[in-house]
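A.B. asks: no FASTA, just this:
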């Protein structure tokens, strides 16, 4: 009997009720053994598999012994009383005398695998989630949560931050639940999962395979089999719960609060990865850099640039409040950007065509432009003699690999609190439409949906 295939462990509510009824009617001392066991199971409307599961769930009286069933691939245990013939996996007619062994509690504690008795008592629940209908409309629905699939974990969404890229889904609508900057707590797991219930984590957006040569080398952001991004092609975090592959759950250290940890995704994770890529072009660092666009990602660059060999950071943003925040985080307000060849490093974060043109104009020969800003418009370069003679690098960055996570926690320990206090605004899931409207209007830096159940 494979646990994942059994309807009880798949969460079938009818099967749950059957188990409860059988447990009330059946006691270990009254269960016949050998061929009589099968007849007893048939009278109860059950099967060998269900009977064995019942035996595992029933309390073991003092003196009972428990031993692994070698034919069950090490995943199940058979319960016995000393001196009673062994109920075999096949037909129960062949027996072997039981010798003294570890107690039932000893072996139950040593069972490998993530399934346990709690899974058999799982109660189907519901979860509220947001739907983006297009044209700025957001609706809510209460959906039924079934059993967690193999290899997946169910995460209670404690924090989900809004991202500027979500504005596209707000306009166009989305067939899945948006929200891709997620921090939360594991509340249930599927089969073949070793992540403990109660684990705090952030959700890694790319659903990487974990087996291709790039994943094996730690470059999960470049997975050869990448087909889905959480919050884009599969349900994301604008909901009370979200199911994600266990490998996409990145545990959060105990000393990092979840409302800070969520900034380790786009705000710091993406910014730090871009700077790590740039370091390959200028490993000795630079004295001065320019950041164009002081939104959350640009402010993440401002906050951590010094850790990557950048001296002074100038910032430019037409929004006075954003520019002032960049200054609070250690940047200087950029002066006149009309002159050419001013900066050895330019980080363009807005995605606006004018900002891209400015970056290409002010970068110095031998310097680098990091293109972080996203836009639906093509990225173009000027076909001018001056640009051809600039002889510079253009660095395009997508997202960080999981191999950088530990280093990013250190960055958050140093800069996370300052970013959190200046950027995030906690709101409830029910307040998402209003928060998004204020986000689009520029009133909020980074609204964060915060669960009322979060500790």
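C.D. replies: Yep, it's here. Quick caveat, the model's predicted, so the values are computed rather than measured.
A.B. asks: what residues are up against residue 159?
C.D. replies: 182-184, 258-259, 261-262, 448-451, 454 (CB atoms under 8 Å, 6 or more residues apart in numbering). To be clear about C-beta, it is placed using only N, CA and C from the backbone, and glycine gets the same treatment.
A.B. asks: immediately after the longest helix seen in the chain, which helix or strand?
C.D. replies: Ranked by residue count and defined by DSSP state H, the top helix of the chain is helix 405-423. Next along the chain after helix 405-423, taking DSSP states H and E as the criterion, comes strand 424-427.
A.B. asks: got the contact list for that following strand?
C.D. replies: Contacts of strand 424-427 (CB under 8 Å, 6+ apart): 161, 259, 263, 434-435, 444-450.
A.B. asks: Identify those among these that sit within helices.
C.D. replies: Among the contacts of strand 424-427, DSSP H puts 259, 434-435 in helices.
A.B. asks: Which segments of this structure make up each domain?
C.D. replies: The chain breaks down into these domains under automatic domain parsing: 3-120, 125-266+427-450, 273-396.
A.B. asks: Go through those domains and find the least confident stretch.
C.D. replies: In terms of mean pLDDT, the lowest-scoring of those is domain 3-120 (a mean of 39).
A.B. asks: re the thing from before, please indicate which of the contacts of strand 424-427 are buried?
C.D. replies: 161, 259, 263, 435, 444-450 (16 or more other CB atoms under 10 Å).
A.B. asks: Identify the farthest-apart pair in those residues.
C.D. replies: Farthest-apart pair in the buried ones among the contacts of strand 424-427 is 263 and 435; separation 17.0 Å (CB to CB).
A.B. asks: Which residue comes closest to residue 364 once chain neighbours are left out?
C.D. replies: Excluding the flanking residues, the one nearest residue 364 by CB to CB, 6 or more residues apart in numbering is residue 341, at 4.6 Å.
A.B. asks: Run a quick neighbour tally on the one you found.
C.D. replies: Neighbours of residue 341 under the rule other CB atoms under 10 Å: 15.
A.B. asks: again, but for the one 5 residues further on
C.D. replies: Using other CB under 10 Å, residue 346 has 28 other residues around it.
A.B. asks: try residue 172
C.D. replies: When neighbours are defined as other CB under 10 Å, residue 172 has 11 of them.
A.B. asks: Distance of it relative to residue 134?
C.D. replies: Computed as CB to CB, to the nearest Å, the residue 172 to residue 134 distance reads 6 Å.
A.B. asks: follow-up on the earlier one: which stretch among the domains of the chain approaches residue 402 most closely?
C.D. replies: domain 125-266+427-450 (4.8 Å).
A.B. asks: what about the closest one, start to end distance?
C.D. replies: 20 Å (CA to CA, to the nearest Å).
A.B. asks: Kindly report the same for stretch 396-412.
C.D. replies: Stretch 396-412: ends 23 Å apart by CA to CA.
A.B. asks: How about stretch 171-184?
C.D. replies: Chord length of stretch 171-184, first to last residue, is 27 Å (CA to CA).
A.B. asks: so how far is it off the chain centroid?
C.D. replies: Its chain's average C-alpha position is 13 Å from that of stretch 171-184, according to CA atoms, centre = their mean, to the nearest Å.
A.B. asks: same check, this time on stretch 386-406
C.D. replies: 25 Å.
A.B. asks: What of stretch 257-273?
C.D. replies: Distance of stretch 257-273 from the chain centroid (CA atoms, centre = their mean) equals 12 Å.
A.B. asks: now swap in stretch 163-172 and tell me
C.D. replies: 20 Å.
A.B. asks: Run the chain-centre distance for stretch 346-356.
C.D. replies: Counting by CA atoms, centre = their mean, stretch 346-356 is centred 29 Å from the centre of its parent chain.
A.B. asks: Run me through the strand neighbours of the helix or strand containing residue 202, direction for each.
C.D. replies: Using DSSP H and E, residue 202 sits in strand 200-203. In the sheet, strand 200-203 lines up against strand 181-189 (antiparallel), strand 249-251 (antiparallel) (DSSP bridges).
A.B. asks: next SSE after it?
C.D. replies: Under the assignment DSSP H and E, the closest C-terminal helix or strand after strand 200-203 is helix 213-216.
A.B. asks: Which elements pack onto whichever helix or strand comes after that next one?
C.D. replies: Where DSSP H and E defines the elements, the next helix or strand beyond helix 213-216 is strand 241-245. Helices and strands touching strand 241-245, by 3 or more CB pairs under 8 Å, 6 or more residues apart in numbering; DSSP states H and E, are strand 152-161, strand 181-189.
A.B. asks: okay, the angle between the longest one and strand 181-189?
C.D. replies: Interaxial angle of strand 152-161 relative to strand 181-189 (axes from the mean of the first three to the mean of the last three CA atoms, to 10 degrees): 150 degrees.
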